[in-house]
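Undergrad: Using only what follows, build the 3D model:
(2 chains)
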Amino acid sequence: GQQVMQIPQYQHVQEGEDFTTYCNSSTTLSNIQWYKQRPGGHPVFLIQLVKSGEVKKQKRLTFQFGEAKKNSSLHITATQTTDVGTYFCRAGTYKYIFGTGTRLKVLA
Amino acid sequence: DSGVTQTPKHLITATGQRVTLRCSPRSGDLSVYWYQQSLDQGLQFLIQYYNGEERAKGNILERFSAQQFPDLHSELNLSSLELGDSALYFCASSVGEGTVNTEAFFGQGTRLTVV
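TA: Next comes the predicted model:
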């Protein structure tokens, strides 16, 4: 069955440092979505990528979809304490499966 | 506020019991997804409904069942509860299914504690 792995599992960074999480699938994806879950909160939709090689930016966040549509990355430039949380990718066609998540801690 | 409403917010029950979790999707959304999140764990996909019909099943136990009603609200029934069923159960909704308009909006979750 489809599996979606994320690395790293945890990341601690100093405020101002960059952060990247990677999402890797065993199968070709039709699209990929990214979500952020703050501690004690619910997942919140960030963005969706559909096209091979697609790159999208939201302020300090850059999202990429691999050329083979099997992997994706989320890069945060100059992290802030408000970036704390767990970042998940979500992929599938009907059975939308979440990646294992990357928990980000930002040290002030 | 995502527009997705889940009730109750908290539920404490004993082993062997049965509970029903309720979800009202955002207005206009036809898809409903159920996810289970154990403490500090990821989000496990349970089941998806679209416009009243089951669309996809994940790792949903036989003791669990769900349905989506004509008014599009959904219920997740958990029976013969075990301690390991304690988790946060999220409902999410989206406009579409498949690959179109599937951005999911999540409710606040129901925290189930089995004692």
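
Undergrad: can you give me the offset of stretch A:39-50 from its chain's centre?
TA: Put simply, stretch A:39-50 sits 9 Å off its chain's centre (CA atoms, centre = their mean, to the nearest Å).

Undergrad: quick one: average pLDDT of that stretch?
TA: For stretch A:39-50, mean pLDDT rounds to 95.

Undergrad: what's the span of it, first residue to last?
TA: Counting by CA to CA, to the nearest Å, you get 28 Å between the two ends of stretch A:39-50.

Undergrad: which residues does the residue nearest to the spatial centre of chain B bridge with?
TA: With distances taken as CA atoms, centre = their mean, B:Trp34 lies nearest the centre of chain B, 3.1 Å away. Per DSSP bridges, the residues bridged to B:Trp34 are B:Ile47, B:Cys91.

Undergrad: How about the residues of chain B by chain A?
TA: Residues of chain B lying near chain A by CB under 8 Å from any CB of the partner chain: B:2, B:33, B:35, B:42-45, B:48, B:55-58, B:90, B:92, B:97-99, B:102-109. Yep, even glycine has a C-beta here, placed from its N, CA and C like the rest.

Undergrad: Keep only those of the residues you listed that are in strands.
TA: B:33, B:35, B:43-45, B:48, B:55-57, B:90, B:92, B:105-106 (DSSP state E).

Undergrad: Export those residues as a markdown table, with columns for distance to A:Tyr22, pLDDT and neighbour count.
TA: Formatted as a markdown table, those follow (distance: CB to CB, whole Å; pLDDT from 0 to 100; neighbours: other CB atoms under 10 Å in any protein chain shown):
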| residue | distance to A:Tyr22 | pLDDT | neighbour count |
| --- | --- | --- | --- |
| B:Tyr33 | 24 | 96 | 30 |
| B:Tyr35 | 22 | 96 | 27 |
| B:Leu43 | 18 | 93 | 26 |
| B:Gln44 | 21 | 93 | 16 |
| B:Phe45 | 21 | 94 | 21 |
| B:Gln48 | 26 | 95 | 28 |
| B:Arg55 | 29 | 93 | 18 |
| B:Ala56 | 25 | 92 | 19 |
| B:Lys57 | 28 | 93 | 13 |
| B:Phe90 | 24 | 98 | 25 |
| B:Ala92 | 24 | 97 | 30 |
| B:Phe105 | 25 | 96 | 20 |
| B:Phe106 | 23 | 97 | 22 |
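
Undergrad: Good, we can wrap up now.
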